[in-house]
Structures are given as C-alpha cells and as structure tokens.
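1. give the three-dimensional model of this entry:
(4 chains, ligands or ions: 4)
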Amino acid sequence: MLYREALNRALDEVMSADDSVVTLGEDVGLYGGSFRVTEGLVEKYGEKRVIDTPIAELSIVGNAVGMAIGGLRPVAELMTGNFSLLAFDQIINHMAKLHYMSNGKIILPMVVRFPQGVSRQLAAQHSESYEQMLSAVPGLRVLSVNDVNYAYHALKYAILSDDPVVFIEHELLYNKKGEVDFAQKLDPFQARIAKEGSDITIVSYLKMVDDVMLAVPEIEEALGCSCEVIDLCSLNPIDYETLIESIQKTSRLVMVEEDHKTGGYGAQIISWAAEEMFYALDAPPLRLAGEDVPVPYNRSLELSSIPTPESIAQDIIAWGKNNEL
Amino acid sequence: MLYREALNRALDEVMSADDSVVTLGEDVGLYGGSFRVTEGLVEKYGEKRVIDTPIAELSIVGNAVGMAIGGLRPVAELMTGNFSLLAFDQIINHMAKLHYMSNGKIILPMVVRFPQGVSRQLAAQHSESYEQMLSAVPGLRVLSVNDVNYAYHALKYAILSDDPVVFIEHELLYNKKGEVDFAQKLDPFQARIAKEGSDITIVSYLKMVDDVMLAVPEIEEALGCSCEVIDLCSLNPIDYETLIESIQKTSRLVMVEEDHKTGGYGAQIISWAAEEMFYALDAPPLRLAGEDVPVPYNRSLELSSIPTPESIAQDIIAWGKNNEL
Amino acid sequence: MNKLLAEEMYYLMVLGRAFEYGAKENYMKGNISGFLHLDIGQEALSVGAIKAFEKGDIFSGYREHIMAISRGLEPKAVMAELFGKSTGVSGGKGGSMHLFEPSHYFYGGDAIVGGQLPNAVGCAYARALQENDDGVMAIFGDGATNGGAFFESLNIAATHKLPLLFLCENNEYAIGTNIRRTAPFREQAKKAEPYMPTYEVDGMDAEAVYEVVSQARKQIEAGHGPVFVEAFTCRYEGHSVSDANSYRSAQEMAHCKARDPIEKFKKALHEKWLCTEEEIQNIEIKAQKAVEDAVKYAEESPEPEPEALFEHVFYQEHKNVVS
Amino acid sequence: MNKLLAEEMYYLMVLGRAFEYGAKENYMKGNISGFLHLDIGQEALSVGAIKAFEKGDIFSGYREHIMAISRGLEPKAVMAELFGKSTGVSGGKGGSMHLFEPSHYFYGGDAIVGGQLPNAVGCAYARALQENDDGVMAIFGDGATNGGAFFESLNIAATHKLPLLFLCENNEYAIGTNIRRTAPFREQAKKAEPYMPTYEVDGMDAEAVYEVVSQARKQIEAGHGPVFVEAFTCRYEGHSVSDANSYRSAQEMAHCKARDPIEKFKKALHEKWLCTEEEIQNIEIKAQKAVEDAVKYAEESPEPEPEALFEHVFYQEHKNVVS
Ligand SMILES: Cc1ncc(C[n+]2csc(CCOP(=O)(O)OP(=O)(O)O)c2C)c(N)n1
Ligand SMILES: Cc1ncc(C[n+]2csc(CCOP(=O)(O)OP(=O)(O)O)c2C)c(N)n1
Ligand SMILES: [Mg+2]
Ligand SMILES: [Mg+2]
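-> Numbers count the residues shown, from 1 in each chain, chains lettered A, B, ... in the order given. Ligands and ions are numbered 1, 2, ... in the order given. Predicted coordinates for the structure are as follows:
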C-alpha cells in the first residue's frame, strides 16, 4: 500500500463509520485531491461531505473550526504547507485556543492536514516546512509520520481524537510503499525506533528519516559503530521517554531535519537534551538541517540547500571522527 | 525619553529627511496610534504618508511590499502580534522571499513593526509572541530591543536599511524611560551587554531583560557569584561572537524568554550552544520560558504562565545550587 | 412582538446598560482588567437581534456582554468572568472578550476582528448538513467588513446557500477610525449585494431590529441562503474603557444620544404596550438589582486554583487513545 | 491599433504559443521541472492586455511567460529561467513561476494565488503618491477572486481611488474546480461592482482585449480610481504540465478551441490589416526561430555557481550599516 493510499484508507474507514466526518479543501472532491489522498471519496460520500472549497485557506480552516463547533468532525486539507500561512490566524488564534479560552466548553475534534517540504524544484513559495511554528503552539497536537503503517493509524487517531490535530505530510512520501497492520493498536504519540543501535542516537521525522536510513550503512562502516534511528512521529507532544532511553544507551545525539537550521524544529530537541541529558552526552550534539536560504528553483542549488543521504553521511562521519567515535 | 517616544523620534527624523518614507496601519494617523508611537506624525506629514488602513493585516503588509517595489520605504504597523498571523503569507512568502527569488532584482526596503507579549490580562488572542516563527525565516532581519537608546537607533536603522526588517516591540516597554545618545553610531545587530559579570551568562531579549535585571541582585547574593546579562537586540542574525566571548568567560548559560517553552526562540540559542560551546559549558544550560498553555485572562494565572523576576531568581538559584555554583 | 416580550426586551436593555456601567465602575476599581468593550448605546441592537433569533447558533465578537445575557447566560456568571473568577462562564480564563456557552448555542467572544465569521460559516454548513431547522447568526462591526475573512464568508455562504444571517453593527467606527475613511462608502451592506439579499435597519430602534432580524431569520431558515442585515448604531463610550473617545466631537455625541434606544423603547412601552409607570419602574429596579447581585457574586467568587493553568489545554489525555 | 502593432501582437501570440510548446517539450525531456503552467489558448489575453498597458507596472501570477515576453523580456532569458540556468531572468532561482524584471516594471510571478494583489495595490499607492502618470495592472485568475486578498484589494483600491486595473482572466477553472462550484455566479466582475466600474470582454479576441484594456488604462490614469476588466478565456492544456485535464470533456475542449485566438487574429490580419500570406508566414517563421534560439540558449547556458545559493538572501551585508 502507498502512503497516500494508507491516508485514503484511514479517511474512508472513518467516514464510512461516522456520518459526522467531512473533508474539505481545494480540489479534494471531483478532482480527487492534488496528491490523490481523497481519491474516490466524493463518489462514496457525496459532495456535501467531500467539499471542494474555494482558494481561501483562512476559510478552509475557519470553516472547519465552525463545523467542529457545530458537531461535525472536519478534516481540512491545505494544498501545500506554504498556503497554510494564510490560515495561521484560524489555526493559532482559534483552533488552538478556543478549548482553553472557553475553559473546556468548546471542543474541537478536527484535523488540518497538508504536505510540505522540498519536493522537486517547486521554488521558494512551495517548498517550506512549518512544523517548527505549529509545534510551538499550545493547544495543538502535531503529528508528522514517516511510515506507511503509521500514516494509516495516526490519521485515523487524529480524526477520532476530540482535540485539534495538525497532520503534516511530505510531498515526496505519498508514493512510498509499506505494509499496514490494520489490527495494530498504536499510540501515535510514541516515537518509532526505525532502527536499533547502540552508539549514536539519530533523531529525525517525516521524509528525512528515509534519508537518514540511506546514510546509516555508510556511517556505520566508516565509524565502526551502530546507529539508532528514531522517527519522532509526534512533534508535539514529544515522546521524551524514548529519547531518554536511547541517549542513555548511546551517549551521542544527532538531529536531522529538512527545514532551515536557524530556529528549526530540531533546536527544541537539542536544547531539551542540553538541559536534561547534559551529563549523558559524551560528545556535543550535532544538528543537521537545511541552509538559511529560501529554497531555490535550480535543482543543484535546491539539493545543496537541504540535507541529502550523502551530506548526512558525510557530516555525521566527520563529526564522529572529530569526537573520537 | 520614553521608549515609544524614541520610536516616534526615529520615525519622525527619517520621514522628515526622506519623502519616500511612509507609515501605515490601523489608527496610526488621526488617532495617533494605539500605543502612541505614531503620535503627531499625520499632522506633520499628512494623511498620504501616515496612512490609516482598514482592519486588513494581510493587505497592510502586502501593500507595504508593493509600496517598496514602487520605490517607497514603508513602515507598517500591526496593532498586536497576534494579528500578524493574518499577514504571515505576505511576511513569509513575499516580504522575505522576493529578493531571493528575483535573484536580487527586487529590493524591499521596508519594516513591519508590532508589539507583542503578555501585557495585562488581554487573554490568549492578544498575548502571544511570534519571534520564534519570524526569526526562523531566511530573508528577514528581526530586531527586538529592550533599551530606549537602542529603540531609537535600531528603528532608524531598520527604516534606512534596504532589506526587509521585522521590528518586534513589547506592550509593556512603551513607557520605559531612558536616555538616547543621538550621535552614537550603533550596530543594531550587535548584542548589548546589559550587565557585565563573570560566572553566569544570562541571555534574554525584549521585556524579559528587565525582569532578569530585577532578579540578578538576589541571584548574585544567593549564589555568591556574578551574572553577565546579554540583551540580544537582534534575533536574526544572532550576534554569536558576543555570546561566545561571554560563555568562554563564565562557562554557564541561562536563557530567559517570555514565550511558551516548547519550540520557543531560546531553543535556538541553547541548541547552538550545545553544538558549538559544549566543552566550554561547566553545567547544563538552563532555559526559562513561559508555560505551554494559551495565556489565561485571570491575573494570577497569567503571571504564573510566564517568567517573573521572582521566578527567574528562584529558578536560577535552584539551578545554580544543583550545579555546585 | 407582544407585551411580555416587549417587557423582557426592556428589562434586558436596562439590565445591559446597568451591567456595562457596573463593569466600567469595577474596571476603575481594578476588579476588571484587560480590554473592556462596552455596548452602551447599542442595547437595542444586541437585545433585539438576539431575541429575534431565539434558537440557532450565535457567533459574535468582543463587545458581547449584552448579547450573552440576552441569550440566557447568567449576568452573575458573565460578571464573574470579567472579574476573572473561577465561577465565570469561561472559568476566568477568557475574560470580557471570550464568553462561550455551547449549551446556549452562544460562541460569543472572538477578539480577532472578523475571526468569528469563518467559524459561523462552518457552523451553518454543519446545520445544513444535519438538516437542522435553525440557522446561524454572525454578528460583527463595520470594521470587520474590510477584512478578507468577511468576504470569503459572504462568498462561501452564498455559494452553498447556507442558513446564515450576517448582522453588521455599523457604529461607523473601528476604534478611532471612521468607516468612511477605510471603505468607499458608509453602507457596508453594499458589499454583500452581489451575494445575497440585504436589509438596513435603525439599530437604535429595538422593535425595528427585532422585526427585521425575525424576518431575516425566517428567510434563512426557509433554506433560501444567507441574508445580510445592516444596523446603524452608535456607541456612547470609547472603543474600550481605556479609549478616551477624543476623535468624536461633542456635537456628534449629542446627535448620537438623541437617538437613545432605551428612551425610545420606553416610550413605546408606554404608548404601544400601555405599560404603567409602575410596571416600568419595577423592571428597572429588577434590572438594577440583578446587576448588583452580579457584582456581589463576582466579588465574592473565588479565584481559579493555580492548577487551572494547565487544565483544558486539551480535551483528552493523549496517552489513553489508540486507533 | 495600427498594422504595425497588429503584426507585433500576432508575432507575440505565435511566439507565445510556440514558446509554451517548447517549454512543454523540454519539460518532458527533463530540462524543466517543478510546476509549469502553460498559457496556451489564452494568448490573446496575455498579449492584448500587456500591449494595451504599454507603460506602468504589472503584477501577475505563475502563468506569466507570455506576459513577460510581451512586456519585452527576452524569450531566451525566460526560457533559461525555466531551465534553471544562471542566465535566466531570475538567475535560475525562481523558475517558471517567478519571473521578475523591475527594469521593465514587470513583477510577474507570484505562486501564491491572489498574493500579487495586495502588492499591486501598494505599488498603485506609491504611483499615486509620486504623482506618476502611469498606473498599475494586476492580473489574476477566476480562482483568485474567492480569496480574502482579492476583496481587501478591491476595497482599498476603491477607497483611495488608486490607479489600478484589475484584470481577471476567467478561464472558469482553478486547477480542476469550476468557478461555478466555488462562487455563486460565473461572472466575477459582479464582485467588483460595489467598488468600481467593470467591463467584460472576450478574452479570445486580442483586438477586443486590447481595446478594453486601453480604455480602462486611460480611465485609471485619469485619476478616477480603479477599474475592473473581466476577460473570458480558456486554457487548452491542463492546469500545469503534470495535470491530465481529465475534468473537462472532449466536447468542452472542442468548444474552447473553436474560439482559437490565434486563428481569429490571423483572420483579422488578412481581412482588416490586409497582410499578405507571405507577411504572415514571415512572422510565424520569425517566432518559431526565436523559440528555437531560446531553447538553444537555455540548453547551452551554464548552471548557477554553487555560491549562488547564498547570494541575494539579503541586499546588504548587515555589518556595514549603522544608523
Ligand atoms: C484582526 C484584528 N486586527 C485588529 C484588531 C484590533 N481591534 C480590536 S477592535 C478593532 C475595531 C473593530 O471595529 P468594528 O469591527 O467596527 O467593531 P466595534 O468595535 O465598532 O464594535 C480593532 C482594530 C483586532 N482585534 N483584530
Ligand atoms: C494561496 C494558494 N492556494 C492554493 C494554491 C494552489 N493553486 C495553484 S494555482 C491554483 C488555481 C488557481 O486558479 P485561477 O486563479 O483561476 O488561475 P488559473 O490557474 O486558472 O490561471 C491553485 C489552487 C496556491 N498556489 N496558492
Ligand atoms: Mg464599529
Ligand atoms: Mg482559472
């Protein structure tokens, strides 16, 4: 099953079980969704529950908030992360806060999903990552999974949850293949150990987990060590327990993310580790991230603006050697 | 001179010297500005250069971008940080990127300024801080000064600069008193040593610098040590040189900010220090920040959601004792 | 409208005004803080519209005390919220701008100008899908009609023919800026004309407001799509208690107050509903008493517990739910 | 319009279409990547409008190749940009959606639907303040007329009577969604009616577009405030090269192509401007040649240097400027 099929399946199952679930967004209906995540749904559930919206992101999220107030369970799709900026007022001032400001009286069982990140030459207005911003907002759960099985379970959880969830996808993951264990009971807030290891803890999420996995054999060979790769899955809350266990074992921490380095999401992980795991670390932590530049269109420039399996291997090997690993 | 008067003076001087400088925002003209920063300007420069806008933040910033393209030097005021979210598309997708995407052909000499932060019981939709988001955007300079003298110089710089600048203020600083040295040549990107010291480097910015300064005597007394207090002034770029020098001297780092802790701005500073200054640190760094909750209306709850001089002193003393200081 | 309703509306208008003055007084005393936006002068509009929209969902902004009370929220609980007390409708976490009571279909207080509009549209969508007979009313100021959220809402509501009543309270000012300076005309209903039927009404006349909103409500409930009502009104105070109101001349204010909605309605009570002076005085006394009780209740209510800070950030503890 | 201009417009239309097919071919070959939005079918509109708006500033979206070329940008430099080469108008950093040439007052390529509108309003404000005689033209699709930025722009432009021409290219689709499904009517000019004069024109007729836009341009330049022009048109290809266009029937496409703007204009060249077959063929050959040259140039141009990644993030090095 493909990643996008796993998402589709999760949506489909929940919509079929519960009439109050609706999905809305640009081209999600008749067109089948720009990344085909909502394919086939309008045929099954009709135009009233699979809603083609105008190009009005503020309203897409704002309407979803109102739908949730009105008793529906809306799943809003934004076409690309960059467009989510138009909806930030509704996401941050409304979706995240109404529950608290009303002392729990308003309940918002809703999801906002969108793909983000550097795909292939979509240039600066279509290539950014906003998990650092959204994961910093109290009142929002932020899920962002790498794995196909998790895609199914986490989206299903997000829709069934009575709290507002931001569900962040990556354009290059939609065609990823994987198995789904439909019967599994999965806690979407628990990090996934993508690979066990004993000497270096490499933390990542979303698409970069795959790039890290591609880099690992070369790293292990060059440094003669074993890497543990942790896929965060949930960006807020963060599963610190899993991180603590791993770092206690390895004493070494690397964070890999695609977003621009300055102020990127990984700063939270490293900063937490510095505060809480200082004495467990045998070497300075390493943070690999994108360059602090808008994403350029040209392919070589684009690739050189973000971590790649090659650059990840190279940078971790150099760091390992510098730190006597 | 009050902080807001220093800002007013900077605007006034630049507007008087250069006809292309305009300022726009809600109530900046006839009303005199909701925090009186633009007071008196419309009388001097007229309604065409001191422009009362509709309540349309996306347009306030988007129009400023267009004005800059058209050869003006606009200074846009947003009434409160939370409303800036409505303008995030124009700030991040346009203001920050047009220069790069056009390979330097489009030049945007513009400023977006707004006050933010926890003032007094304005509740969750009027109390947040967004420097963590905006400082993470390549292509934007972010200035946020604590000091009255810096307020004058940094705003003047921001307006005269040919790059887009986000200038973040705090509602509780407007009536702060201070001296302005008008003749000074001041690099707005250099951090300010608010107080010299030798044992602990305390990094902060904006209003929290004052709270740190209030806490310092108690800390020094309790720990028998001396604190160096650094006011960042520029949140992007960061003046790492000043930080390095201080940390090399003190071997101890504390970061204090008002924003919610998870994903807050200070994570970048601590994460940088963990990567780059690991061996210089004699103790785990400490990060003090707001709680991960929307800001509540009730005054006691509100105060307990952010660092205060009392909590800063208490937390740093406890940390110092734990770390044998 | 019958006599009973007329008396109730008079009660609510008098209560509303007294409540606002009571709030102002307690702001001055330091019992209330933050932004406090008073609805004085606009009582006919808040009371008339809410009473005409008996059922159905209501979304409003930050100037919503009288609306909340007219909807049936206890004055005590509203005042306690202004005081930031645990007994407040939002447990002291929301304050004046954030009154919510879903059990009364009141999602009042939004402090982002125009922010409630997309929410109201979404709720109207839900009601249509649920084949619920009640519609939704969105209340907003003239200032909100310049923002993108407003227009997107007109367009979407019209496209889906949603049961949504747009009620614009045109008091001509957004803080200190007159609407004529930020829009090309004074009448904001013009902006809605391409999308839906529009009505104008004198917002200082409670009866007229009641009639027009009742009419509009019937129209939206009949499934013909959204309707726009614009009510011209006037606030007597500054934008919020901390605004000195210096941008309006004494003459403008006098002109405003000459249209006083309470005086006008009182006259109708006498002349049309044949209420006696005593009946009217009893109503006024009752209203005054209710406000005094509310203030007392708010004063005596406890502060929230410190733990409240961390409560209701989320509805469910994440660890317990698995898919 | 005179014969010379007619010939130039024909040249640009033929060049434009050949350019787009050339781009498509090179996308298939892998020389171009990302999103590539072709303007085929809409040439009359892009060429007619730009030629009618000789001077003044132009803000458009991501379907802007032909507009850029009509404005005087070199086809070579545009094609090189699509190839991501250092000789491209944006140095290879912008790509198809981000063509800019301030020296030609062209601020073309915005990839945020409607994002260029507030920028165009701001530029028009600047022109008015500078007492510049030229106005500004903002070009956008039907899909953009549903977004908040569009409405805020109508309102602000009308309030300040700005010299701004709103040109809506109504091809009835936003990607795969017909405008009738996201707005209550097909004619988006209706949305502008409360604010400014509006005109409709057949966007498949280059001469008509030229005339209406010229007229509108004179109106805005005379200082009477903004004008709205809606041109009905039709794109022949999918939304972008990667869109299969499966949401439009063969019949709909045939109806579209029966209105072909190039055929129509060619007929006028013959009948109205009395061009000979040879004259016309020479134009076509010249256009074809220009595209071939552009592709060759783009192919042979160098990639940006690696250092380009860090160039132009900022205009000035911060350390050098002190207040
Ligand atoms: C998006 C946004 N921008 C600005 C503000 C600040 N503000 C609060 S009320 C207000 C004026 C609103 O005027 P109007 O809509 O006419 O309502 P009124 O206060 O007259 O009832 C402004 C500008 C805000 N709360 N939200
Ligand atoms: C704010 C925003 N939302 C969504 C998109 C994705 N998107 C790109 S083009 C497009 C359709 C635009 O249609 P229209 O305005 O009619 O222009 P056309 O493509 O027909 O020329 C969409 C939805 C975007 N680029 N920006
Ligand atoms: Mg008003
Ligand atoms: Mg279109």
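2. helices of the stretch 201-323 of chain C, start to end?
-> Assigned by DSSP state H, counting those that start in this stretch, the helices in the stretch 201-323 of chain C fall at C:206-221, C:250-257, C:261-271, C:277-300.
3. packing partners of the last one?
-> Looking back up the chat, that one is helix C:277-300. In this structure, helix C:277-300 makes packing contacts with helix C:3-28, helix C:75-82, helix C:261-271, judged by 3 or more CB pairs under 8 Å, 6 or more residues apart in numbering or on different chains; DSSP states H and E. No exception for glycine: its C-beta is placed from N, CA and C like everyone else's.
4. kindly report the same for the shortest one.
-> Taking 3+ CB pairs under 8 Å, 6+ apart as the contact definition, helix C:250-257 has no neighbouring helices or strands.
5. all strands for chain A, in order.
-> A:21-25, A:50-52, A:73-77, A:111-116, A:141-143, A:165-170, A:192-195, A:200-204, A:227-231, A:234-236, A:253-260, A:286-290 (DSSP state E).
6. report whether the second one contacts chain D.
-> Yes. On the criterion CB under 8 Å from any CB of the partner chain, strand A:50-52 is in touch with chain D at A:D52.
7. what's the burial count for the residue in the stretch 1-150 of chain C that ligand 3 sits nearest to?
-> Proximity of the stretch 1-150 of chain C to ligand 3 (CB to the ion) peaks at C:G141, 3.6 Å away. Number of residues near C:G141 (other CB atoms under 10 Å in any protein chain shown) recorded here: 26.
8. what residues does the stretch 1-150 of chain A put near chain D?
-> Residues of the stretch 1-150 of chain A lying near chain D (CB under 8 Å from any CB): A:26-27, A:29-32, A:34, A:52-59, A:82-83, A:86, A:120-126.
9. the helices and strands packed on helix C:277-300: which one's closest to chain B?
-> With CB to the nearest CB, the closest approach to chain B among the helices and strands packed on helix C:277-300 belongs to helix C:75-82: 8.1 Å.
10. so C:G34 is in contact with B:P296, correct?
-> No. Between C:G34 and B:P296 there is no contact under CB atoms under 8 Å: 10.9 Å.
11. quick one, which of these two is more surrounded?
-> Taking neighbours as other CB under 10 Å, C:G34 and B:P296 compare with B:P296 leading, 32 against 24.
12. which residue is the nearest non-sequential neighbour of that one?
-> C:K93 (4.3 Å; CB to CB, 6 or more residues apart in numbering or on different chains).
13. am I right that that neighbour sits in a helix?
-> No. Assigned with DSSP: H, G, I helix; E, B strand; the rest coil, C:K93 falls outside any helix and is coil.
14. tell me which of the helices and strands packed on helix C:277-300 is the most buried.
-> helix C:75-82 (a mean of 27; mean count of other CB atoms under 10 Å in any protein chain shown).
15. that one packs against which elements?
-> Packing partners of helix C:75-82 (3+ CB pairs under 8 Å, 6+ apart): helix C:3-28, helix C:65-70, helix C:277-300.
16. among those helices, which comes closest to B:H170?
-> Closest to B:H170 of those, according to CB to CB: helix C:3-28, at 23.0 Å.
17. is ligand 1 contacted by that closest one?
-> No. Applying CB under 6 Å from any ligand atom, one finds helix C:3-28 out of contact with ligand 1, separated by at least 13.2 Å.
18. next SSE downstream of that helix?
-> For helix C:3-28, the succeeding helix or strand toward the C-terminus, using DSSP states H and E, is helix C:43-52.
19. would you mind pulling up the elements that that following helix packs against?
-> Using 3+ CB pairs under 8 Å, 6+ apart, helix C:43-52 sits against helix C:3-28, helix C:65-70, helix C:206-221, strand C:227-232, helix C:261-271.
20. restrict it to CA atoms and write it as CSV.
-> Taking Å, rounded to 0.1, in the frame of the first residue of the first chain, the C-alpha atoms of helix C:43-52 are listed here in CSV:
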residue,chain,number,x,y,z
GLU,C,43,-28.5,47.9,23.5
ALA,C,44,-31.4,47.9,21.1
LEU,C,45,-29.4,46.1,18.6
SER,C,46,-27.9,43.4,20.9
VAL,C,47,-31.2,42.7,22.6
GLY,C,48,-33.4,43.0,19.6
ALA,C,49,-31.3,40.8,17.4
ILE,C,50,-30.7,38.1,20.0
LYS,C,51,-34.4,37.9,21.0
ALA,C,52,-35.4,37.7,17.3
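21. extract the C-alpha trace of the very next helix or strand once past that helix and format it as CSV.
-> Once the chain leaves helix C:43-52, the next helix or strand it forms, by DSSP H and E, is strand C:57-60. The C-alpha trace of strand C:57-60 is given here as CSV (Å, rounded to 0.1, in the frame of the first residue of the first chain):
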residue,chain,number,x,y,z
ASP,C,57,-26.2,29.4,16.9
ILE,C,58,-24.7,32.8,17.6
PHE,C,59,-21.1,33.9,16.9
SER,C,60,-20.0,37.4,17.9
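22. strand C:57-60 pairs with which strands, parallel or anti?
-> strand C:106-109 (parallel), strand C:136-141 (parallel) (DSSP bridges).
23. closest one to C:E263 among those?
-> strand C:136-141 (23.5 Å).
24. neighbouring contacts of the closest one?
-> Strand C:136-141 is touched from outside by C:49, C:53, C:56-61, C:63-64, C:67, C:113-114, C:116-117, C:120-121, C:123-124, C:127, C:150, C:153, C:162-171, C:174, C:213, C:217, with contacts defined as CB atoms under 8 Å, 6 or more residues apart in numbering or on different chains.
25. still on that earlier bit, okay, and the common contacts of C:G34 and B:P296?
-> The contact lists of C:G34 and B:P296 share B:A123, where a contact means CB under 8 Å, 6+ apart.
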